[in-house]
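A.B. asks: build the 3D model from these lines:
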Amino acid sequence: MNQEKLTPFHTLGHDIKVALDNGAVTGALILTYSAIDAMAFLSMPANKIEVNRSDFINWVEKYMKTDPKQPYQYEGIDVYGARCGLVHRFGATSRLSDSGKCKIFVYQNGGDHIYNPSRDKYLILISWNRFINDFFKAMQDFLADIMRDKELYKRVDKKIVTLFNVMTI
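C.D. replies: Sure thing, here's the model as predicted:
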């Protein structure tokens, strides 16, 4: 895959970092969830044309990992519920969390996720910095898989040209 086709990966990472550098943590989180949606779109089966919840969850389950010593390890449904809450309600809760189907993410600036299921099994204080860094690592792992897996490469190569891109003319 040539450098020009990889531009959307660089753009996503750059825009997240610019948001963080300018103190726009909420914007960086929204962009991160949008980027996960884009990665899920690229990785979905070749016969699909629209990304959905299961594609998002599958991508998260495969790629989003955090330090094994963290008290909370990402679960696809939780990340999806957090995405829905932030993107659609600009809040911590979503239809999924309202029905008890996922945990609730509240963001904090510490270095570790904070989760004590004996106190509250549904509430997680997510380190936004760790979450975003874990996403960057997930995107690197996804790119490595693209380069290793010929079928995935073909799917991504076909779809990546449809991702948003701003060009200087």
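A.B. asks: rest of the way, CA atoms for contacts and neighbours
C.D. replies: Fine.
A.B. asks: can you give me the strands in this protein?
C.D. replies: According to DSSP state E, the chain carries its strands in the segments 104-108, 123-127.
A.B. asks: in TSV: the ones you listed, plus mean neighbour count and mean pLDDT.
C.D. replies: Converted to TSV, the strands of the chain look like this (neighbours: other C-alpha atoms under 10 Å; pLDDT from 0 to 100):
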stretch	mean neighbour count	mean pLDDT
strand 104-108	20	98
strand 123-127	19	98
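A.B. asks: closest to Gln70 out of these?
C.D. replies: Of all the strands of the chain, it is strand 123-127 that lies closest to Gln70, at 10.5 Å by C-alpha to C-alpha.
A.B. asks: which residues are in contact with the helix or strand of the chain with the lowest mean pLDDT?
C.D. replies: Every helix and strand in the chain was compared by mean pLDDT, DSSP states H and E; the lowest is helix 7-21, with a mean of 89. Contacting residues not belonging to helix 7-21 are listed as 25, 27-29, 31-32, 35, 136, 160, 163-165 [C-alpha atoms under 8 Å, 6 or more residues apart in numbering].
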